[in-house]
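Peer 1: coords below, sequence missing:
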């Protein structure tokens, strides 16, 4: 009768009955325990041989603990006539800190997880036996003293997570077996001493996150073999020593975040193969030495934040594929080497902040697709090579801060959409090449600080439409091409410091409503300019709103307007007049 049978017996009705049952079954229970113990003993038992505690598995031996103090550590091929096949989990973990060498048995098949983790005292080469089939996670983590080359033997199919993490002392080549299918997370991360080319076997299917992160000693070209579908996050980040081309397989579907971050030695063109749907955040950030074209696949749906940031060596045109809906933050920032057209897909909805910042080499007309709804801050800041006219699509409601700042190459008209409600800080500042009249749509409520500063090519009169309540500091500063009458709406409540300063062709400002509640001297507090003494601000900042306009500049307000003073207001000649007539 076993333990389960004893527990299944009915509850006794008296103490004597209970005693009888316990006496009768205690013998059976004791015999059961003894049998289990004997069986366990025959299958495995812990014993000690020299500096090693081991377990006898019947036909093989597993080393479970190292009891020595370092030196020349030789793990024997056999113990008690049985082959040593396994170094168990944690067997040597953190136990070898002084200079020591390691000799592994020729019969070894498995190195368990964390088996030698933290054994920073090992020196010399690490020779893995040809019988080895498995290297489990963190097996040699932080064994930074090993030197020379490392050969992973044939038969190994998987190198687990962190297996050789931070083994920075290796100073030669890394040879991977033709049987390898998987390189785990951070498997060789921080092995900065490896040199020579890295040859990945054709059997490889998986490269997990951080697999070779920080292995900056590898040189030459890198070919990712056919069969690999995903390159994990930071898989090759900071492998800055690669000095040739990067070839990606046709089986690839995803490039993880930071996969090739700061691999700044890659050269030549880069072809992202058809089938790739996602390029992760910072995937190729600072890969500055690519020297040819960048080809993106028709299957691509996602380009991550900073994906190609600082890849200044790419040349030629850039075509983004149909189906792409978003160009993420900083995706192509500082890709200054492109020297052809930028072609955006008709599916594009969002261009996020700094997406093309300082892509100064793009040339030709910029055609924004009709599907576009968002243009982020500094999206095209410094794209000085773009030429021709610019049409902002109908569904865009806001133009972010600095979106087109310093795009000085535009040489035609600027068309703003009817749905626009806000023009952000420095949105078009320094776009000196725009020509023709500027029409502000009726839905706009705010024109930000420096929105059109130094846009000196605009001509004709300027009408600020009804609905605009705020014109920021320096909003039209040095827009010297405007001429004639400036029309200001009845909804206007704030005009910032130097808003129309330097508009040398404007001879008259016609106010259709009351005097703005904030005019220069009060507005400056809201617009982030440096502070002046209050008495200076009250006397002079209002004067600067229309400073350096046309000779004889005049302010006109309606007979019903309030808040103006006569014959001067804020230092300018001011009179009442029917504004409809004054605006002609």
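Peer 2: On my side now, so go ahead. Because the structure is predicted, anything quoted here is derived from the model rather than measured. Numbering: from 1, shown residues only.
Peer 1: what about residue 214, distance to residue 118?
Peer 2: Distance from residue 214 to residue 118, counting by C-beta to C-beta, to the nearest Å: 19 Å. Quick note: C-beta positions are derived from backbone N, CA and C, even for glycine.
Peer 1: quick one, which of these two is more surrounded?
Peer 2: residue 214 (22 against 19; other C-beta atoms under 10 Å).
Peer 1: remind me which helix or strand the more buried one belongs to.
Peer 2: For residue 214, there is no helix or strand it lies in under DSSP states H and E.
Peer 1: quick check: it touching residue 193?
Peer 2: No. The pair residue 214 / residue 193 is not scored as a contact, 10.7 Å apart, by C-beta atoms under 8 Å.
Peer 1: distance between stretch 164-180 and the chain's centre?
Peer 2: 28 Å (C-alpha atoms, centre = their mean, to the nearest Å).
Peer 1: same question for stretch 329-341.
Peer 2: With C-alpha atoms, centre = their mean, you get 16 Å for stretch 329-341.
Peer 1: would you mark the buried spots in it?
Peer 2: 329-338, 340-341 (16 or more other C-beta atoms under 10 Å).
Peer 1: now, which of the residues you listed sits nearest residue 97?
Peer 2: residue 330 (44.3 Å; C-beta to C-beta).
Peer 1: quick one: secondary structure of the closest residue to the closest one other than its chain neighbours?
Peer 2: Among residues not flanking residue 330 along the chain, residue 306 sits closest, at 4.2 Å (C-beta to C-beta, 6 or more residues apart in numbering). At residue 306 the chain is in coil, as set by DSSP: H, G, I helix; E, B strand; the rest coil.
Peer 1: residues near residue 306, how many?
Peer 2: Residue 306: 25 neighbours (other C-beta under 10 Å).
Peer 1: and the one 3 residues further on, by the same measure?
Peer 2: Residue 309 sits with 24 neighbouring residues when counted by other C-beta under 10 Å.
Peer 1: ok, it touching residue 334?
Peer 2: Yes. The pair residue 309 / residue 334 is scored as a contact, 6.4 Å apart, by C-beta under 8 Å.
Peer 1: measure how far stretch 65-79 is from the centre of its chain, please.
Peer 2: 46 Å.
Peer 1: need the strands for the stretch 301-450 of the chain, in chain order.
Peer 2: Ranges of strands in the stretch 301-450 of the chain, per DSSP state E, counting those that start in this stretch, are 302-303, 318-319, 326-327, 342-343, 350-351, 364-365, 374-375, 386-387, 390-391, 398-399, 414-415, 422-423, 446-447.
Peer 1: for the residue nearest to residue 330, what are its contacts?
Peer 2: Shown in contact with residue 306 (C-beta atoms under 8 Å, 6 or more residues apart in numbering): 281-282, 285, 328-331, 333.
Peer 1: what's the distance between it and residue 515?
Peer 2: Residue 306 sits 47 Å away from residue 515, going by C-beta to C-beta.
Peer 1: could you do residue 358 as well?
Peer 2: Where residue 515 is concerned, residue 358 sits at a distance of 42 Å (C-beta to C-beta).
Peer 1: which strand or helix spans the residue nearest the centre of the chain?
Peer 2: Residue closest to the average C-alpha location in the chain (C-alpha atoms, centre = their mean): residue 281, at 3.1 Å. Using DSSP H and E, residue 281 falls within no helix or strand.
Peer 1: if we ignore the residues flanking it in sequence, what's nearest it?
Peer 2: residue 304 (3.8 Å).
Peer 1: cool, residue 368 as well?
Peer 2: residue 393 (5.3 Å).
Peer 1: how close does that neighbour get to residue 346?
Peer 2: Relative to residue 346, and taking C-beta to C-beta, residue 393 is found at 11 Å.
Peer 1: give me the more crowded residue out of those two.
Peer 2: Using other C-beta under 10 Å, the more surrounded residue of residue 393 and residue 346 is residue 393, with 17 against 12.
Peer 1: list the contacts for the more buried one?
Peer 2: Contacts of residue 393 by C-beta under 8 Å, 6+ apart are 368-373, 417.
Peer 1: could you report the neighbour count for residue 558?
Peer 2: 19.
Peer 1: and what of the one 3 residues further on?
Peer 2: Burial of residue 561 is recorded as 17 neighbouring residues (other C-beta under 10 Å).
Peer 1: contact partners for it?
Peer 2: Counting by C-beta under 8 Å, 6+ apart, residue 561 has contacts 511, 513-515, 576.
Peer 1: swap in residue 63?
Peer 2: 52-54, 75, 84, 86-88, 91.
Peer 1: report pLDDT for it.
Peer 2: With respect to pLDDT, residue 63 scores 98.
Peer 1: also residue 495?
Peer 2: pLDDT, read off for residue 495, is 95.
Peer 1: could you shift the numbering so residue one becomes 48, and keep it that way?
Peer 2: All set: I'll call the first residue 48, so the last point we hit is now residue 542.
Peer 1: thought residue 566 was touching it, still the case?
Peer 2: Yes. With contact defined as C-beta under 8 Å, residue 542 and residue 566 form a contacting pair (5.4 Å).
Peer 1: just to be sure, residue 500 is in a helix?
Peer 2: No. Looking at residue 500 with three-state DSSP, it is coil, so not inside a helix.
Peer 1: okay, now it: neighbour count?
Peer 2: By the criterion of other C-beta under 10 Å, residue 500 has 27 neighbours.
Peer 1: chain neighbours aside, what residue packs nearest to residue 429?
Peer 2: residue 405 (4.1 Å).
Peer 1: separation between the one you found and residue 463?
Peer 2: For residue 405 relative to residue 463 (C-beta to C-beta), the value is 24 Å.
Peer 1: mean confidence for stretch 122-141?
Peer 2: 98.
Peer 1: need the pLDDT of residue 170.
Peer 2: 97.
Peer 1: residue contacts, it?
Peer 2: Taking C-beta under 8 Å, 6+ apart, one finds 146-148, 192-194, 216 in contact with residue 170.
Peer 1: give the PyMOL command for selecting the buried subset of these.
Peer 2: Buried subset of these, written as a PyMOL selection, criterion 16+ other C-beta under 10 Å:
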select buried, resi 147+148+192+193+194+216
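Peer 1: in a markdown table: the contacts of residue 170, plus pLDDT and distance to residue 230.
Peer 2: What follows is the contacts of residue 170, written out as a markdown table (pLDDT from 0 to 100; distance: C-beta to C-beta, whole Å):
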| residue | pLDDT | distance to residue 230 |
| --- | --- | --- |
| 146 | 96 | 30 |
| 147 | 97 | 28 |
| 148 | 97 | 27 |
| 192 | 97 | 23 |
| 193 | 97 | 18 |
| 194 | 97 | 22 |
| 216 | 97 | 20 |
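Peer 1: ok, the nearest residue to residue 543 once chain neighbours are set aside to residue 548 distance?
Peer 2: Leaving aside its chain neighbours, residue 543 sits nearest to residue 520 (3.3 Å; criterion: C-beta to C-beta, 6+ apart). According to C-beta to C-beta, residue 520 stands 10 Å off from residue 548.
Peer 1: more neighbours, those two?
Peer 2: Applying other C-beta under 10 Å to residue 520 and residue 548 shows that residue 520 carries more neighbours, namely 28 against 22.
Peer 1: which element is that one on?
Peer 2: Here residue 520 is assigned to no helix or strand, by DSSP H and E.
Peer 1: isn't it up against residue 545?
Peer 2: Yes. Contact between residue 520 and residue 545 holds when scored by C-beta under 8 Å: they sit 6.2 Å apart.
Peer 1: now for these two: what residues contact both?
Peer 2: With contacts taken as C-beta under 8 Å, 6+ apart, not a single residue reaches both residue 520 and residue 545.
Peer 1: what number of residues lie near residue 443?
Peer 2: Counted by other C-beta under 10 Å, the residues lying close to residue 443 total 20.
Peer 1: the closest residue to it other than its chain neighbours: how many residues sit nearby?
Peer 2: Spatial nearest neighbour of residue 443, chain neighbours left out: residue 464 (5.5 Å); criterion: C-beta to C-beta, 6+ apart. By other C-beta under 10 Å, 16 other residues sit near residue 464.
Peer 1: ok, now which ones touch residue 357?
Peer 2: Counting by C-beta under 8 Å, 6+ apart, residue 357 has contacts 332-335, 380-382.
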